[in-house]
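J.: What follows is a predicted structure for the sequence shown.
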Amino acid sequence: MKIRRLVCGLALLFSLAGGVRLAAQRSAEWTAPFPPFRIAGNLYYVGSGDLASYLVATPKGLILINSNLSSSPALIRKSVETLGFRFSDIKILLISHAHFDHCAGSAEIIRQTGAKYEVMDADVPVVESGGKSDFAYGADKGMQFPRAHVDRVLHDGDTVQLSGTVLTAHLTAGHTRGTTTWTMDETEGGRLLHVVIVGSPNVNPGYKLVGNTVYPQIAGDYKHQFDVLRALPCDIFLGAHGGYFGLAEKYARWKAGDQKAFIDPAGYTAYVADREQAFEAEFKRQSSARK
Ligand SMILES: [Zn+2]
């Protein structure tokens with residue numbers, strides 16, 4: 001019995017150490033500078049090693065997707081300026097979802113640029129309360145962020161347009177109530193390319209999929225999300241985190257001259273299937289634990 005307890009204790013210690021290592025590694029990538037570059041057409045990468053930010057450049061100004069951490073605006077600004085654009089030309093700010101790693105920098109970016117903040121309806125209360133109304137993390141001070149006023153409330157299927165560039169907001173809820181997957185079309189080398197920026201299909205540790213009294217429709221929302229993601233045509237696969245689509249590996253290929261490094265329809269299909277399987281497994285586990 002004693003030995004068993006010791007082994008369990010050691011296993012726990014090792015897994016805790018692994019968790020801490022993982023967290024440290026993750027946050028290092030979250031704040032590590034990453035070279036800004038043009039993905040396709042008028043779409044650019046201006047995020048960090050893992051927290052993805054995208055810049056859409058039009059003759060009438062810039063659209064930025066994701067403001068990331070409250071410490072990120074300086075890094076994003078540097079990337080935008082390195083590409084030759086003016087930070088103050090950001091007219092519209094969008095997000096993938098209302099978690100601090102994608103929207104905590106919004107208040108500061110709006111202060112610096114006067115950009116209009118356009119957010120999916122169900123994420124608006126979370127953004128405007130600085131995370132306090134989040135269904136899972138509302139009481140967790142470490143997950144809160146500077147609140148920011150939303151100028152335009154988006155609904156599923158709404159478009160954001162600037163000088164002929166059109167982005168479409170797809171409600172892909174579950175991870176947050178208003179998680180948004182952005183799509184747009186780009187032309188590169190005479191070829192039309194469908195771009196998908198996945199909002200987040202992940203079930204976070206501790207998420208209650210069964211019997212969730214705060215967010216009763218969470219499991220149905222995830223299922224709907226996978227229906228939506230499976231149906232989206234995708235050539236260029238992107239997402240809220242670089243880790244979703246293999247940013248570092250694809251960028252290395254892009255830098256070595258592979259112009260098509262980010263064209264990855266098979267990677268998109270495999271990613272969505274993998275995430276759906278992970279959701280189904282967790283849903284099954286929680287459902288049978290409840291019986
Ligand atoms: Zn998140």
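T.: Yep, it's here. Given the structure is predicted, the values throughout are model-derived calculations rather than measurements.
J.: which residue ranges form the strands in this structure?
T.: Per DSSP state E, the chain carries strands over the ranges 37-40, 43-45, 54-58, 61-65, 90-94, 116-120, 152-154, 159-162, 165-171, 180-188, 191-198, 236-239.
J.: Which among those is found nearest to Pro146?
T.: Proximity to Pro146 (C-beta to C-beta) singles out strand 116-120 among the strands of the chain, at 12.2 Å. Heads up, the C-betas are built off the backbone N, CA and C, glycines and all.
J.: what packs against the closest one?
T.: With contacts taken as 3 or more C-beta pairs under 8 Å, 6 or more residues apart in numbering; DSSP states H and E, strand 116-120 sits against strand 90-94, strand 152-154.
J.: Packed most tightly, which of these would that be?
T.: strand 90-94 (a mean of 23; mean count of other C-beta atoms under 10 Å).
J.: re earlier: and of the strands of the chain, who's closest to Gly84?
T.: From the strands of the chain, taking C-beta to C-beta, the stretch that ends up closest is strand 54-58, at 9.3 Å.
J.: Sheet-wise, list the partners of that closest one with their directions.
T.: Strand 54-58 has the following sheet partners, assigned by DSSP bridges: strand 43-45 (antiparallel), strand 61-65 (antiparallel).
J.: Format these as CSV; extra columns: mean pLDDT.
T.: CSV is the format used below for these (pLDDT from 0 to 100):
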stretch, mean pLDDT
strand 43-45, 98
strand 61-65, 98
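J.: pLDDT weak spots in this structure?
T.: For the chain, the stretches flagged by pLDDT under 70 are 1-26.
J.: how about the helices in it?
T.: Here the chain has its helices, by DSSP state H, at 2-31, 73-82, 100-103, 106-113, 124-128, 218-231, 242-245, 247-255, 265-290.
J.: Deepest-packed of the ones you listed, please.
T.: Of these, the one with the most neighbours on average (mean count of other C-beta under 10 Å) is helix 100-103, at a mean of 25.
J.: quick one on the thing from earlier: could I get the helices of the chain in a markdown table, plus columns for distance to Val153?
T.: Below are those laid out as a markdown table (distance: least, C-beta to C-beta, whole Å):
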| stretch | distance to Val153 |
| --- | --- |
| helix 2-31 | 28 |
| helix 73-82 | 23 |
| helix 100-103 | 15 |
| helix 106-113 | 15 |
| helix 124-128 | 6 |
| helix 218-231 | 18 |
| helix 242-245 | 26 |
| helix 247-255 | 30 |
| helix 265-290 | 27 |
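J.: Tell me which of those helices lies nearest to Thr176.
T.: For Thr176, the closest of the helices of the chain is helix 124-128, at 6.6 Å, according to C-beta to C-beta.
J.: chain center to the closest one: distance?
T.: How far helix 124-128 lies from its chain's middle: 16 Å, per C-alpha atoms, centre = their mean, to the nearest Å.
J.: Keeping just the C-alphas, turn that helix into PDB.
T.: Below are the C-alpha coordinates for helix 124-128, written out as PDB (Å, rounded to 0.1, in the frame of the first residue of the first chain):
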ATOM      1  CA  VAL A 124     -19.500  41.000 -26.300                       C
ATOM      2  CA  PRO A 125     -20.400  40.900 -22.500                       C
ATOM      3  CA  VAL A 126     -17.100  39.000 -21.800                       C
ATOM      4  CA  VAL A 127     -15.000  41.600 -23.700                       C
ATOM      5  CA  GLU A 128     -16.800  44.500 -22.100                       C
END
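J.: With distance to Glu29 added, can I get the strands of the chain in JSON lines?
T.: Shown next, in JSON lines, are the strands of the chain (distance: least, C-beta to C-beta, whole Å):
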{"stretch": "strand 37-40", "distance to Glu29": "17"}
{"stretch": "strand 43-45", "distance to Glu29": "14"}
{"stretch": "strand 54-58", "distance to Glu29": "17"}
{"stretch": "strand 61-65", "distance to Glu29": "19"}
{"stretch": "strand 90-94", "distance to Glu29": "22"}
{"stretch": "strand 116-120", "distance to Glu29": "25"}
{"stretch": "strand 152-154", "distance to Glu29": "29"}
{"stretch": "strand 159-162", "distance to Glu29": "28"}
{"stretch": "strand 165-171", "distance to Glu29": "26"}
{"stretch": "strand 180-188", "distance to Glu29": "22"}
{"stretch": "strand 191-198", "distance to Glu29": "18"}
{"stretch": "strand 236-239", "distance to Glu29": "14"}
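J.: Which of those strands sits closest to Glu282?
T.: For the strands of the chain, proximity to Glu282 was assessed by C-beta to C-beta; strand 191-198 is nearest, at 18.2 Å.
J.: Tell me the buried residues in the closest one?
T.: Residues of strand 191-198 classed as buried by neighbour count (16 or more other C-beta atoms under 10 Å): Leu193, His194, Val195, Val196, Ile197, Val198.
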